[in-house]
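> Got a sequence here, can you build the structure:
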Amino acid sequence: MSEPLPRHAPATPDGTADGGPDDAAFRAALGRFATGVAVMTAVTDGVAHGMTANAVSSVSLTPQLVLVCVERTAVMAERVRTAGSFALSFLAADQVALSAWFADPTRPDEAQFAEVACRTEASGAPVLEGTVAWVDCRVEAIHTAGDHDIVVGEVLALGTGPADDPLLYYASDYRRLQG
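As a prediction, this is how the structure comes out:
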């Protein structure tokens, strides 16, 4: 039988605590949900920007919609609003370094794609090479939820890559499928 995780007070209307799970417990529980790892890209003022993301999901088949969650204080939140489009490249198991690169807030903004193999598709956003798949999207809607934006994109183009072993993230670490 599993042990319940520690709790703290839920947020009241003014944002103060009043019961409910604490942040560490929330992260521990949700960290047990295995996710793929993607790099979200967008272009504004001729400059490409990327960000590692794992809160990604398909939303609808008709029309074809996907979502990605972006922290509102992240540079990408403003970039995707301005661009009105984005791409998601789903990383392969051998692309841990790309995940780390696009998660590093100290990487140079102007040159972050200088040594990254990529191409552009319908939206003009970079699509990374060697991935398991990619989608290129026009922003359909952006919804505010807590400290994140839920960015919903209508798929303009998509494809699968040469890799078939996805990079996974589980319990705060990278994982691979076992075959």
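> got the buried residues for the lowest-mean-pLDDT helix or strand in the chain?
When the helices and strands of the chain are compared on mean pLDDT, DSSP states H and E, helix 23-30 comes out lowest with a mean of 87. For helix 23-30, burial by neighbour count (16 or more other Cβ atoms under 10 Å) applies to no residue. Quick note: C-beta positions are derived from backbone N, CA and C, even for glycine.
> Let me know whether my guess that residue 78 is in a strand holds.
No: if the criterion is DSSP: H, G, I helix; E, B strand; the rest coil, then residue 78 is helix and not within a strand.
> Tell me how far it lies from residue 163.
When distance is defined by Cβ to Cβ, to the nearest Å, residue 78 is 31 Å away from residue 163.
> quick one: strands adjacent to the helix or strand following the least confident helix or strand of the chain?
Counting by DSSP states H and E, the element after helix 23-30 in chain order, helix or strand, is strand 35-36. The pairing partners recorded for strand 35-36 under DSSP bridges are strand 168-170 (antiparallel).
> Give me the contacts around the strand it pairs with.
The contact list for strand 168-170, computed with Cβ atoms under 8 Å, 6 or more residues apart in numbering, reads 31-37, 54, 93, 174-177.
> Check the gap between the spatially most central residue of the chain and residue 36 for me.
Most central in the chain under Cα atoms, centre = their mean is residue 53, positioned 2.1 Å from the mean C-alpha point. Distance of residue 53 to residue 36, computed by Cβ to Cβ: 10 Å.
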